[in-house]
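> Take a look and give me a structure for this.
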Amino acid sequence: MTKSKDARVTTALACTTCTSKEAAGKSTGISRYTTRKNRRNTPTRLEPKKFRVCRHKHTYHKELKK
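Numbering: from 1, shown residues only. Coordinates of the predicted model:
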């Protein structure tokens with residue numbers, strides 16, 4: 001069993017440059033990643049650069065609200 005006040009939490013990251021419709025009317029969906037962070041060491045929201053497969057380039061991904 002894990003404690004509710006555990007220092008490490010699982011967070012979701014979503015792409016900041018995604019749009020619901022791409023060129024030619026096809027929807028590629030939202031790029032999401034999951035990661036773990038230490039709540040005590042990094043209290044601010046994460047914003048790393050991650051690879052976006054459908055665009056073939058790196059984009060910024062922000063941490064989602066819970």
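> The most centrally placed residue in the chain: what's its closest spatial neighbour, skipping adjacent residues?
For the chain, Leu13 is the residue whose C-alpha lies nearest the centre (CA atoms, centre = their mean; 1.1 Å). Using CB to CB, 6 or more residues apart in numbering and skipping residues adjacent in sequence, the residue nearest Leu13 is His61, 3.9 Å away. Every residue, glycine included, has its C-beta placed from N, CA and C.
> can you tell me the helix or strand for that neighbour?
His61 belongs to strand 57-63 when elements are defined using DSSP states H and E.
> How far does that strand sit from its chain's centre?
Remark: strand 57-63 is offset 7 Å from the chain centroid, using CA atoms, centre = their mean, to the nearest Å.
> From Asn38, how far off is Thr17?
Distance, Thr17 to Asn38, by CB to CB, to the nearest Å: 27 Å.
> same check, this time on Arg55
30 Å.
> Show me which of those two is the more surrounded one.
Arg55 (14 against 11; other CB atoms under 10 Å).
> Could you tell me whether the more buried one really is in a strand?
No - per DSSP: H, G, I helix; E, B strand; the rest coil, Arg55 lies outside any strand segment and is coil.
> Work out the sheet partners of the strand holding His61 and label each with its direction, please.
According to DSSP bridges, strand 57-63 forms sheet pairs with strand 8-15 (antiparallel), strand 49-52 (antiparallel).
> still on that earlier bit, bridging residues for the residue nearest to Leu13?
Going by DSSP bridges, His61 forms beta bridges with Cys15.
> these two touch, right, it and Ala12?
No - here His61 does not reach Ala12: they are 9.3 Å apart, not a contact under CB atoms under 8 Å.
> Need the residues touching each of those two.
Residues touching both His61 and Ala12 (CB atoms under 8 Å, 6 or more residues apart in numbering): Arg32, Tyr33.
> follow-up on the earlier one: residues in contact with the strand holding His61?
Against strand 57-63 from outside (CB under 8 Å, 6+ apart): 11-17, 31-33, 45-52.
> again, only this time at 6 Å
Thr11, Leu13, Cys15, Thr16, Thr17, Arg45, Leu46, Glu47, Lys49, Lys50, Phe51, Arg52 (CB atoms under 6 Å, 6 or more residues apart in numbering).
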